[in-house]
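Chemist: Provided below for reference: sequence and predicted model.
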Amino acid sequence: MLTQYEEKMQKSVENLEAEYATIRAGRANPNILNKIKVEYYGVPTPMQQLANITVPEARTLVIAPWEPSLVKEIEKAIMNSDLGITPNNDGRNIILNFPELTEDRRKELVKDIKKKGEGAKVAIRNIRRDANDAIKKMEKNGDISEDELKDNEDKIQKLTDKYVGQIDKAVESKSKEIMTV
């Protein structure tokens with residue numbers, strides 16, 4: 001009965017971790033391109049489906065489109081994104097050079113990381129509320145006893161604590177990664 005709520009909590013944590021993967025920490029990480037879509041025959045397509053993305057050096061990403069005609073489109077998509085990086089084009093490949101993050105930018109990113117973490121915790125608490133409402137309704141309808149209600153409330157609280165703890169760890173780990181020079 002509680003598995004559906006646990007799955008929802010797990011998804012909230014996974015979504016947060018996926019969002020964190022797109023935040024750049026001064027090192028080149030192909031995941032920051034996950035949100036960028038490129039116009040391909042009139043269809044917005046994820047960049048990973050159109051090109052090979054490699055990390056030859058710590059601060060460099062090389063995007064090698066499978067079709068040479070896509071170079072301009074990929075370049076345009078990167079320029080229009082919120083990456084804040086100007087792509088270099090050598091005719092066949094697009095090269096992204098990541099500058100060192102400034103101290104102010106690092107602090108800004110950490111604030112954003114904490115804000116996203118708080119959003120995920122709110123989502124977990126909303127799931128807890130929904131689960132508690134559902135079991136209270138079951139108890140009211142006579143489907144479960146008062147003892148079962150208390151047991152389930154305890155289980156739900158333990159799940160909530162577990163996933164909030166995972167979010168705290170993710171926030172701490174990503175913040176540490178960003179602040180490490």
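Modeler: That came through, no problem.
Chemist: Kindly provide the distance from the residue in the chain sticking out farthest from the centre to K155.
Modeler: Farthest-out residue of the chain from its mean C-alpha position, per Cα atoms, centre = their mean: G142, at 41.2 Å. Distance, G142 to K155, by Cβ to Cβ, to the nearest Å: 20 Å. Any C-beta I mention is one placed from the backbone N, CA and C, and that applies to glycine too.
Chemist: Could you measure from the residue minimising distance to the centre of the chain over to Q4?
Modeler: Nearest residue to the geometric centre of the chain (Cα atoms, centre = their mean): E19, 1.3 Å. Taking Cβ to Cβ as the measure, E19 falls 23 Å from Q4.
Chemist: Equivalent analysis for T160, please.
Modeler: T160 sits 15 Å away from Q4, taking Cβ to Cβ as the criterion.
Chemist: Of the two, which one has the most company?
Modeler: Using other Cβ atoms under 10 Å as the criterion, T160 and Q4 rank with T160 on top: 21 against 11.
Chemist: Report the contact partners of that one.
Modeler: By Cβ atoms under 8 Å, 6 or more residues apart in numbering, T160 lies in contact with 9, 124-125, 127-128.
Chemist: 10 Å - rerun?
Modeler: Contacts of T160 were listed using Cβ atoms under 10 Å, 6 or more residues apart in numbering, and they are 5-6, 9, 121, 124-125, 127-129, 131-132.
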